[in-house]
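>>> With the input below, show me the fold.
(2 chains)
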Amino acid sequence: GDSVTQMEGPVTLSEEAFLTINCTYTATGYPSLFWYVQYPGEGLQLLLKATKADDKGSNKGFEATYRKETTSFHLEKGSVQVSDSAVYFCALISGTASKLTFGTGTRLQVTL
Amino acid sequence: DTAVSQTPKYLVTQMGNDKSIKCEQNLGHDTMYWYKQDSKKFLKIMFSYNNKELIINETVPNRFSPKSPDKAHLNLHINSLELGDSAVYFCASSQGPTSGGNNEQFFGPGTRLTVL
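Got it, this is the predicted structure:
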């Protein structure tokens, strides 16, 4: 079945540091890939997505590139802020199914 | 205006009780979902309805019964609550069930269920 593997957290960074959260996946066919963010006490928000190989999703300074050859969709940001502290989830949808398969989430803590 | 709303936000109850969680979306979407987030933040789909018809039913105990009175509402009823049911339950909606990643899922704020 489909699965998503994310790096273990928590990740603790100083403000303005570079962020990478690794995500790899296993799926049949060509899945669509997503990053969702969950701020403390809130629901999930879509951060960015990519629907085909070599697509780059970007939003709010975050980027992720769909790499079919390495089955990866790593999340990056050049300079994190305290307000980026949240839990980040990598997810996929494959085939015609509409259910999201999530990774385990990575907690990011950004300090001053 | 809240796009996907859930009630209640918090629910504390005793083992063995029956409880319901309600979800409403005002986005005009055709498809709604229930996800469960456990204490380790792991998220897993439970059910999905499209135009009031059940289309996804993962391996969930039959104590959990979703009900969709219309396409804007998807409620979750849980019978004989157990300690392991304690979790945050998220409702979500999307335009349609297919087209994969072209249908963004919008999530509600979650309902934190605590079973004592």
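
>>> tell me which residues in the one helix or strand in chain B whose mean pLDDT sits lowest are buried?
Least confident helix or strand of chain B, by mean pLDDT, DSSP states H and E, is strand B:53-57 with a mean of 85. Neighbour-count burial for strand B:53-57 flags B:55-56 (criterion: 16 or more other Cβ atoms under 10 Å in any protein chain shown). For the C-beta atoms, the positions are set from N, CA and C on the backbone; glycine is no exception.

>>> now what about that strand, what contacts it?
Strand B:53-57 is touched from outside by A:97-99, B:31, B:33, B:45, B:47-49, B:66, B:68, B:97, with contacts defined as Cβ atoms under 8 Å, 6 or more residues apart in numbering or on different chains.

>>> Spell out the residue ranges of the strands in chain B.
Here chain B has its strands, by DSSP state E, at B:4-7, B:10-13, B:19-25, B:31-37, B:43-50, B:53-57, B:64-70, B:73-78, B:87-94, B:106-107, B:111-115.

>>> Please list the residues of chain A that sit near chain B.
Contacts of chain A with chain B, taken as Cβ under 8 Å from any Cβ of the partner chain, map to A:31-34, A:36, A:38, A:42-46, A:49-51, A:87, A:89, A:93-102, A:104-105, A:107.

>>> Could I have the buried ones of these as PyMOL selection syntax?
Burial among those is assessed by 16+ other Cβ under 10 Å; the matching PyMOL selection reads:
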select buried, chain A and resi 31+32+33+34+36+38+43+44+46+49+50+51+87+89+93+94+97+98+99+100+101+102+104+105
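
>>> So which of the residues of chain A next to chain B are in strands?
Per DSSP E, the residues of chain A next to chain B map to strands at A:32-34, A:36, A:38, A:44-46, A:49-50, A:87, A:89, A:93, A:101-102, A:107.

>>> Flag whichever of the residues you listed scores worst on pLDDT.
Within these, pLDDT reaches its minimum at A:I93, with 87.

>>> Against A:S14, how distant is that residue?
Remark: distance between A:I93 and A:S14 (Cβ to Cβ, to the nearest Å) = 35 Å.

>>> same deal with A:G78?
From A:G78 to A:S14 the distance is 14 Å (Cβ to Cβ).

>>> Over to A:N59?
23 Å.

>>> For these two, indicate the residue with more neighbours.
It is A:N59, of A:N59 and A:S14, that has more neighbours when counted by other Cβ atoms under 10 Å in any protein chain shown, with 14 against 10.

>>> got any ranges where chain B has weak pLDDT?
Along chain B, segments meeting pLDDT under 70 span B:1-2, B:97-102.

>>> one step back: parallel or antiparallel, which strands does the least confident helix or strand of chain B pair with?
Strand B:53-57 has the following sheet partners, assigned by DSSP bridges: strand B:43-50 (antiparallel).

>>> which residues are contacting the partner strand?
Counting by Cβ under 8 Å, 6+ apart, A:44, A:89, A:98-102, A:105, B:30-38, B:54-58, B:60, B:64, B:66, B:68, B:71, B:74, B:76, B:90, B:96-97 sit against strand B:43-50.

>>> rerun at 7 Å
Where contact means Cβ atoms under 7 Å, 6 or more residues apart in numbering or on different chains, the residues beyond strand B:43-50 that reach it are A:89, A:98-100, A:102, B:30-37, B:54-58, B:60, B:64, B:66, B:68, B:74, B:97.

>>> Once you drop chain neighbours, what's closest to residue 8?
Unless you meant another one, I'm taking chain A. In space, and not counting its chain neighbours, A:E8 is closest to A:T106: 7.4 Å by Cβ to Cβ, 6 or more residues apart in numbering or on different chains.

>>> that's the wrong chain, I wanted chain B
B:T111 (6.2 Å).
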